[in-house]
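*Asks:* Here is my input, please return the structure:
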Amino acid sequence: WSPDGTHLASASRDRSARVFDLKTGKLEQSYFGHAAPVFTVAFNADGKEVITGGRDKKIHLWAAAKDAKKRSEITGFTNDVLRLLVADGQIFSCSADQSARQHNEKAELVRNYGGHTDWVYSVALHPASQRLASGSYGGTVRVWSTADGKLLHSFTAAPGWTETAAKPK
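*Replies:* A predicted model of the protein is given here:
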């Protein structure tokens, strides 16, 4: 959703991201800058930019306006970028490279949140307490301070889960 609730952005396995006007359903913009499937999409705080990430191990920041011009990209991931969250002027992401990251809207790395031992599939932010939660495929949740990057809590969200038990018979 755009911040004003008038547009919706989508990510696609055809390597595209699109912006739609929700009132009319009209496709307003298509972006084809990724070299592989796009898994995640978000608008920046003012809705003028779309942020996408995917299998090409990059995050792209591009204009939501008519030209869909790429402003910048964020690299340094060693595996798929799976989710994005934009809040408080920051871009939070998680990746199959077992980490979550925090970048500012200038695309500069603020912090890398490591320590997971499996793909990190989710990130959630509680701005008032400056806490970021990251969740991994292995069932662990790690809660971080975004003020200083310290790990505050770590726990298993799926007690008893094992990879062997999860395999179909």
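
*Asks:* wouldn't residue 57 be in contact with residue 74 here?
*Replies:* No. Look at residue 57 against residue 74 with C-beta atoms under 8 Å: they stay out of range, at 9.9 Å. C-beta coordinates here come from the backbone N, C-alpha and C atoms, glycine included.

*Asks:* and for those two, which residues touch both?
*Replies:* Counting by C-beta atoms under 8 Å, 6 or more residues apart in numbering, no residue touches both residue 57 and residue 74.

*Asks:* Tell me, how many residues neighbour residue 121?
*Replies:* By the criterion of other C-beta atoms under 10 Å, residue 121 has 16 neighbours.

*Asks:* can you list contacts of the helix or strand containing it?
*Replies:* Per DSSP states H and E, residue 121 falls inside strand 120-126. Applying C-beta under 8 Å, 6+ apart, the external contacts of strand 120-126 come out as 82-83, 85, 87-88, 92-96, 98-100, 131-137, 146.

*Asks:* next one: stretch 92-101
*Replies:* Stretch 92-101 is contacted by residues 40, 53, 57, 59, 74, 77-86, 102-103, 109, 111-114, 116-123, 125, 132, 134, 136, 144 when judged by C-beta under 8 Å, 6+ apart.

*Asks:* Now go through the contacts of strand 120-126 and say which are in helices.
*Replies:* When DSSP state H defines the helices, the subset of those inside them is empty.

*Asks:* so where is this structure shaky, pLDDT-wise?
*Replies:* Scanning the chain for pLDDT under 70 picks out 159-169.

*Asks:* what sits against the residue most central in space within it?
*Replies:* Nearest residue to the geometric centre of the chain (C-alpha atoms, centre = their mean): residue 84, 1.4 Å. Applying C-beta under 8 Å, 6+ apart, one finds that residue 84 lies in contact with 40-42, 51-53, 59, 91-93.

*Asks:* how about the helices in this structure?
*Replies:* Counting by DSSP H, the helices of the chain are 163-166.

*Asks:* just to revisit the earlier point, so which of the contacts of residue 84 sit within strands?
*Replies:* The strands, defined by DSSP state E, take in 40-42, 51-53, 59, 91-93 from these.

*Asks:* And those residues, which is closest to residue 27?
*Replies:* Nearest to residue 27 among the ones in strands among the contacts of residue 84: residue 41, at 14.3 Å, using C-beta to C-beta.

*Asks:* my guess is residue 154 contacts residue 138, does it?
*Replies:* No. At 11.6 Å, residue 154 does not count as touching residue 138 under the criterion of C-beta under 8 Å.
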